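> Could you work out the structure for the sequence below:
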Amino acid sequence: MNSHTAEELSGFQTGFTVRPAHVIAAASAEDVIAAVRHAAAERLPVTVQATGHGLPGPVEGGVLVSTRAMDRVSVDPVERTARVQAGVRWGQVVQAAAPHGLAPLNGSAPGVGAVSYTLGGGLGILAREFGYAADHVRSLDVVTADGRLRQVTRESAPDLYWALLGAGHGFGVVTELEIGLVPVRTLYGGSLAFDGRQVDPAVALRAYEAWTRTSPSDGLTSSFAAVPYPDLPALPPHLRGRYVLSVRVAYTGGDGERLVAPLREIGPVLADSLREMPYTESHTIHSDPDFPHAYYGDSAVLSELDVSRAAEVLGRTGPGAGAMVVVQINHLGGALARPAPNSVPWREGRFLVRLLTMADREKARAILDPAFALLAPVTLGRAVNFAFGAGDRSEGFYDAVTRERLAGLKSQYDPASLFPDHVSGFSG
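Residues are numbered from 1 along each chain as shown. Modelled structure (predicted):
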């Protein structure tokens, strides 16, 4: 493998090896068209890697199209839209929109690729107020299996538009999106952290769940996290060697401090970063790691948060788990529950549980599978964007009706399965 190929294959996720037969470093839509036509002629499968934050799926013997060089962003402040190419990261869009008093519906980490995130739905910082990122897509430029570059809108190709927004690259290589922006300059956000040795995790979780039921605002987006940090010098002193419980909040209203006041009663606060901030600092709410590393994880969309079962999950994944496991529980509902003309499923879900570990796959499954089994009675399905290396199992990503419709459209737009559906399993 030469250095150029290695660079194209490198990414944020380092835990899995990708070995395609051919790597195409695309700098334009024309390069993507040529790659797809060549692959079709040679009957080779095609997968896509944008920024490398996620995984393209197994591509043994196939063609991997790397779009990281396609990183142009343009903002139309009058129409409140942005055009983003396939290699663009969210941090770029945030910075481009901010001078106009606008913001995209990005996620918590600025290094995540904007296009792949949106094709998987896009659960963002302000999700309960504005919905999924996919709900705000105006158009998509996509190279389909026939080697054509199509501009797809809800009006021009409603079925393909519906399929792409939720089923991702299973229908082609998306080279560019036009997305709607929202008029947000600032927000109230940050986190409250508690020491899990001083505050019972089950008590904290129960208080958080009760708070989500009584909070008067559908526009307040929040999550609960539990992280057993190792005792490493590289970590801030207040995190080093502690089991940290935290509630993260993002809100664009003017009464944020009043709304979060009940959370301060959970117990002694270890750290408090709640404040008014410019939207350009919104990534500090979660402060996700920004360095490449190996990780494995999965998710469950819940019809309700059974606190007793969730507390048992915390017990199994806490400091005694045998590996560092990050637990995050996102409060859903609000605008996320609104119907939209796309294939993003499980809109009736009330919470999303994500479990992530840096352990290898075998050890991770030994820890995470029993934890998810505890949640099975209230689990609706899984989230495509949060199958961190667990895309080897396709069940649960879509409800039966959505899955059947996707399968029919797949046979129409990609009958030879040029774009293998490794994740959601609707091919064939």
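
> where do the strands sit along the stretch 101-250 of the chain?
Remark: strands assigned in the stretch 101-250 of the chain by DSSP state E, counting those that start in this stretch are 137-143, 149-153, 173-180, 186-195, 221-228, 243-251.

> Point out the one among those strands that comes closest to Thr67.
When the strands of the stretch 101-250 of the chain are compared by CB to CB, strand 173-180 sits nearest Thr67, at 7.1 Å. C-beta: built from backbone N, CA, C; applies to glycine.

> pLDDT below threshold where in the chain?
Counting by pLDDT under 70, the ranges of the chain that qualify are 1-18, 52-59, 216, 289-293, 390-392, 422-428.

> residue ranges of the helices in it, please?
Per DSSP state H, the chain carries helices over the ranges 3-9, 29-42, 90-97, 114-119, 127-130, 158-167, 201-214, 256-260, 307-317, 361-374, 400-413.

> which stretch among these comes nearest Arg242?
Judging these by CB to CB, what sits closest to Arg242 is helix 201-214, at 12.4 Å.

> angle of the closest one against strand 186-195?
Interaxial angle, helix 201-214 versus strand 186-195 (axes from the mean of the first three to the mean of the last three CA atoms, to 10 degrees): 150 degrees.

> Now do helix 201-214: everything it contacts.
Contacting residues not belonging to helix 201-214 are listed as 194, 196, 222, 224, 226, 243, 245, 247, 262-263, 265-267, 305, 307, 310-311, 314-315, 318, 329, 331 [CB atoms under 8 Å, 6 or more residues apart in numbering].

> buried subset of these?
Buried residues within the contacts of helix 201-214, counting neighbours by 16 or more other CB atoms under 10 Å: 194, 196, 222, 224, 226, 243, 245, 247, 263, 266-267, 305, 307, 310-311, 314, 318, 329, 331.

> and stretch 66-82, how far apart are its ends?
22 Å (CA to CA, to the nearest Å).

> so how far is that stretch from its chain's centroid?
Put simply, stretch 66-82 sits 19 Å off its chain's centre (CA atoms, centre = their mean, to the nearest Å).

> quick one on the thing from earlier: out of the helices of the chain, deepest packed?
With neighbours taken as mean count of other CB atoms under 10 Å, those reach their highest mean count in helix 114-119, at a mean of 29.

> what helices or strands is that one leaning on?
strand 81-85, helix 90-97, helix 158-167, strand 173-180 (3 or more CB pairs under 8 Å, 6 or more residues apart in numbering; DSSP states H and E).

> I'd like to know which of those is closest to Asp288.
Shortest distance between Asp288 and the helices and strands packed on helix 114-119, using CB to CB, is found for helix 90-97: 11.3 Å.

> that older thread, out of the helices and strands packed on helix 114-119, which is closest to Leu187?
Smallest distance to Leu187 across the helices and strands packed on helix 114-119 (CB to CB): 12.0 Å, for helix 90-97.

> could you say what helices and strands that closest one packs with?
Right, helix 90-97 is packed against strand 73-76, strand 81-85, helix 114-119 by 3+ CB pairs under 8 Å, 6+ apart.

> And these: which comes nearest Asp272?
Using CB to CB, these put helix 114-119 closest to Asp272, at 29.0 Å.

> if I pick the nearest residue in space to Gly91 that is not next to it in sequence, what's in contact with it?
Closest residue in space to Gly91, ignoring its immediate chain neighbours: Pro110 at 3.0 Å, by CB to CB, 6 or more residues apart in numbering. The contact partners of Pro110, by CB under 8 Å, 6+ apart, come to 89-91, 94, 283, 290.

> picking up where we left off before, would you turn the helices of the chain into CSV with distance to Gln151?
Output for the helices of the chain, formatted as CSV (distance: least, CB to CB, whole Å):
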stretch, distance to Gln151
helix 3-9, 27
helix 29-42, 11
helix 90-97, 20
helix 114-119, 15
helix 127-130, 24
helix 158-167, 10
helix 201-214, 40
helix 256-260, 40
helix 307-317, 44
helix 361-374, 39
helix 400-413, 15
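
> of all the ones you listed, which lies closest to Tyr295?
Once these are compared by CB to CB, helix 361-374 is nearest, at 8.7 Å.

> Just the CA atoms of that closest one, as CSV, please.
What follows is helix 361-374 as a C-alpha-only set of coordinates in CSV (Å, rounded to 0.1, in the frame of the first residue of the first chain):
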residue,chain,number,x,y,z
ARG,A,361,-15.2,-6.4,19.1
GLU,A,362,-15.3,-9.7,21.0
LYS,A,363,-14.9,-8.1,24.5
ALA,A,364,-17.2,-5.2,23.5
ARG,A,365,-20.0,-7.6,22.5
ALA,A,366,-19.6,-9.5,25.8
ILE,A,367,-20.3,-6.3,27.7
LEU,A,368,-22.7,-4.5,25.4
ASP,A,369,-25.0,-7.3,24.2
PRO,A,370,-26.3,-8.2,27.7
ALA,A,371,-26.8,-4.5,28.4
PHE,A,372,-28.9,-4.0,25.3
ALA,A,373,-30.8,-7.2,26.1
LEU,A,374,-32.0,-5.5,29.4
